[in-house]
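In: Quick one: sequence plus predicted model below, questions after.
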Amino acid sequence: QIAIGVKKEVDFAAWYTNVLLKADMLDYYSVSGCYILKPWSYSIWEEIQEWFNKEIKKLGVQNSYFPMFVSQKVLEREKDHVEGFSPEVAWVTRAGQSDLEEPIAIRPTSETAMYPYYSKWIQSHRDLPLKLNQWNSVVRWEFKNPQPFLRTREFLWQEGHTAFLTKAEADAEVREILELYRQVYEDLLAVPVIPGIKSEKEKFAGGLYTTTLEGFIPTSGRGIQAATSHCLGQNFSRPEMFNISVEDPSKPNEKLYVWQNSWGLSTRTIGVMTMVHGDNQGLVLPPRVASIQAVIVPCGIKAGASDEERKSINDKCEEIAKTLRAANVRAKADLRDIYTPGYKFNDWEQKGVPLRLEIGPKDLEKKSTLTVRRDTGAKAPLPLENIAEGVSSLLETIQKEMFTRARDTYFERIKEVSKWEDVVPTLDAKCVAVIPWCEVEACEDDIKERSARASAPTDERAPSAGAKSLAIPFDQSRWTPIEPGKTKCPACGQDAKRWTMFGRSY
Ligand SMILES: O=C1CCCN[C@@H]1CCCn1cnc2cc(F)c(F)cc2c1=O
Ligand SMILES: [Mg+2]
């Protein structure tokens, strides 16, 4: 029987929620759009936190905590910055039986909570650079249908907010952080992403420019914004906004408004990892973030087996688990005597445990174990001698091959398109169209509108069908060089500037 009850390529949305439930990663919650993160998924967030926290501290970033409440007049400091977002702001209007004088917003992001205090704390250039990060949750009362980890009304993230004397320092940090995000996805989660810059239309409107990691979900053929690192320029420090300035060290008596960045990575990481690697047996965990990397299961114990035979097998399993744990492999022996080996195999496969070691009487005699990889199902005997070394290298191989397979799939779906008539068919083939684009915003609106009308009817639960610009990849070398003045934008015929990824997205 199909463990997950529905096939990934048949009903992706149902497959996704079933995988999360069967792997015991989450449970539904009484408030719609909110989910409980159970230990099996929360441990993945902890792995990401531990790694990222260590890295940003190397960059001199310090963690802090600002209140979750933002007063109305502070949140709406700059009308046009928030107005586009205002429908999704959640407000506290009452405490107990009495209404509040003023409604208080629950932070949807913390710029407006933090920057009045940046203005207060940053007086001299010696107070720069200021680099603070928060690990917290934010609330955005989304109305589009919620999806666990991908679009929820409350989510966990980190938000970094930094201030510099010069634009050059800010520009450099934007890319340093984006590179750390790339490592979270590619090295920890084995998920390939393409770093690039957002178009003027798609960037964070309050900022100067937005750099992004673009992920891709092959099953739906949709792109997904995996992480963002914005340069805010001086938009938030200027006098009309939060007035964050120092005396210009090179021009006394002149005010210099600071250059700021803000960057975020959320529990969306877990959803992307699940969608990219999961299969019809359920979750498939990359070893780097698996809370159990190897599960040891006693096998072949006949019903009539003697107690000592059962005990010798169980003891061996526990001993192997201990040996592996001593070598920093997160290993567990499943000695539950109420379940058959077959039941256990299915249970741990649904939870995505990267490696299973089977130990039966014959294995004991031969002093070997049968290893079974979760990602490929490949089985191979492994001598119990130097078992820790063998298991560690097998886990590394699994990590590498999970990434390579996902990257090859992603790159196969990225199609170089130079003629408009090929754009919609590319999207309908669940691919991303990379076009030599003119970077004119009106053209972008036109592409979205023309591709929405022409596209095949996608299932009604899917997000919008029109093609958005996803990113302008920093690495342009993968496509035919654009000849300035000669290469034309396939959508509008104007001169093309850079290869740009267009696709449907989450
Ligand atoms: O994306 C990030 C990274 C972490 C720090 N913040 C930036 C920009 C967030 C952009 N954004 C995103 N969503 C929002 C939703 C709101 F309800 C609202 F009032 C404001 C915003 C909003 O500013
Ligand atoms: Mg949003």
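Out: Good, I have the coordinates. Ligands and ions are numbered 1, 2, ... in the order given.

In: which helices and strands sit right next to the helix or strand where residue 426 lies?
Out: When elements are defined using DSSP states H and E, residue 426 is found to belong to helix 423-428. Using 3 or more C-beta pairs under 8 Å, 6 or more residues apart in numbering; DSSP states H and E as the contact criterion, the elements in contact with helix 423-428 are strand 432-437, helix 441-454, strand 498-503. C-beta here means a position set from N, CA and C on the backbone, and glycine is covered the same way.

In: got the CA positions of the last one in CSV?
Out: When you say that, I think you mean strand 498-503. C-alpha atoms of strand 498-503 as CSV (Å, rounded to 0.1, in the frame of the first residue of the first chain):
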residue,chain,number,x,y,z
ARG,A,498,20.2,40.4,-18.8
TRP,A,499,19.0,36.8,-18.8
THR,A,500,16.0,36.7,-16.4
MET,A,501,14.1,33.8,-14.9
PHE,A,502,10.4,34.0,-15.4
GLY,A,503,7.9,31.4,-14.0
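
In: Partner strands of that strand, with direction?
Out: On the basis of DSSP bridges, the sheet neighbours of strand 498-503 come out as strand 432-437 (antiparallel), strand 468-473 (antiparallel).

In: tell me the angle it makes with helix 441-454.
Out: Compare the direction of strand 498-503 with that of helix 441-454 by axes from the mean of the first three to the mean of the last three C-alpha atoms, to 10 degrees and you get 30 degrees.

In: again, but for the first one
Out: With the same axes, to 10 degrees defining the directions, strand 432-437 sits at 140 degrees from helix 441-454.

In: got the contact list for strand 432-437?
Out: Contacts with strand 432-437, where a contact means C-beta atoms under 8 Å, 6 or more residues apart in numbering, come from 216, 221, 223, 413-418, 422-423, 426-427, 443, 467, 469-470, 472-473, 479, 482, 487-491, 496-503.

In: and it, average pLDDT?
Out: Averaging pLDDT along strand 432-437 gives 98.

In: Ok, stretch 283-296 next?
Out: When pLDDT is averaged along stretch 283-296, the result is 98.

In: so how far is it from its chain's centroid?
Out: 18 Å (C-alpha atoms, centre = their mean, to the nearest Å).

In: Pull up the distance across it, start to finish.
Out: With C-alpha to C-alpha, to the nearest Å applied, stretch 283-296 spans 18 Å between its terminal residues.

In: re earlier: between the helices and strands packed on helix 423-428, which gets the lowest average pLDDT?
Out: Looking across the helices and strands packed on helix 423-428, the weakest by mean pLDDT turns out to be helix 441-454, at a mean of 90.

In: Just the buried positions in that one, please.
Out: Of the residues in helix 441-454, those scored as buried under the neighbour-count criterion (16 or more other C-beta atoms under 10 Å) are 443-444, 447-448, 450-451, 454.

In: In a markdown table, list those along with distance to ligand 1.
Out: Formatted as a markdown table, those follow (distance: C-beta to the nearest ligand atom, whole Å):
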| residue | distance to ligand 1 |
| --- | --- |
| 443 | 25 |
| 444 | 19 |
| 447 | 24 |
| 448 | 20 |
| 450 | 28 |
| 451 | 25 |
| 454 | 30 |
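
In: For the stretch 201-350 of the chain, what lies in contact range of ligand 1?
Out: By C-beta under 6 Å from any ligand atom, the part of the stretch 201-350 of the chain that sits against ligand 1 consists of 204, 206, 228, 230, 262-264.

In: Just say helix, strand or coil for residue 382.
Out: In terms of secondary structure, residue 382 is strand; the call rests on DSSP: H, G, I helix; E, B strand; the rest coil.

In: Also residue 159?
Out: Of the three states, residue 159 takes strand under three-state DSSP.

In: Any idea what the residue in the stretch 251-400 of the chain positioned nearest to ligand 1 is bridged to?
Out: Of all residues in the stretch 251-400 of the chain, residue 264 sits closest to ligand 1, with a separation of 2.9 Å (C-beta to the nearest ligand atom). For residue 264, the beta-bridge assignment (DSSP bridges) gives partners residue 159, residue 228.

In: quick one: contacts for it?
Out: Neighbouring residues of residue 264 by C-beta under 8 Å, 6+ apart: 109, 157-160, 227-228.

In: 6 Å instead, please
Out: With C-beta atoms under 6 Å, 6 or more residues apart in numbering as the criterion, the residues that contact residue 264 are 157, 159, 228.

In: Could you measure from it over to residue 429?
Out: Shown here: residue 264 relative to residue 429, a distance of 32 Å by C-beta to C-beta, to the nearest Å.

In: do residue 176 as well
Out: Distance, residue 176 to residue 429, by C-beta to C-beta: 36 Å.

In: Can you mark which positions in stretch 86-103 are buried?
Out: Of the residues in stretch 86-103, 89, 91 count as buried by neighbour count, 16+ other C-beta under 10 Å.
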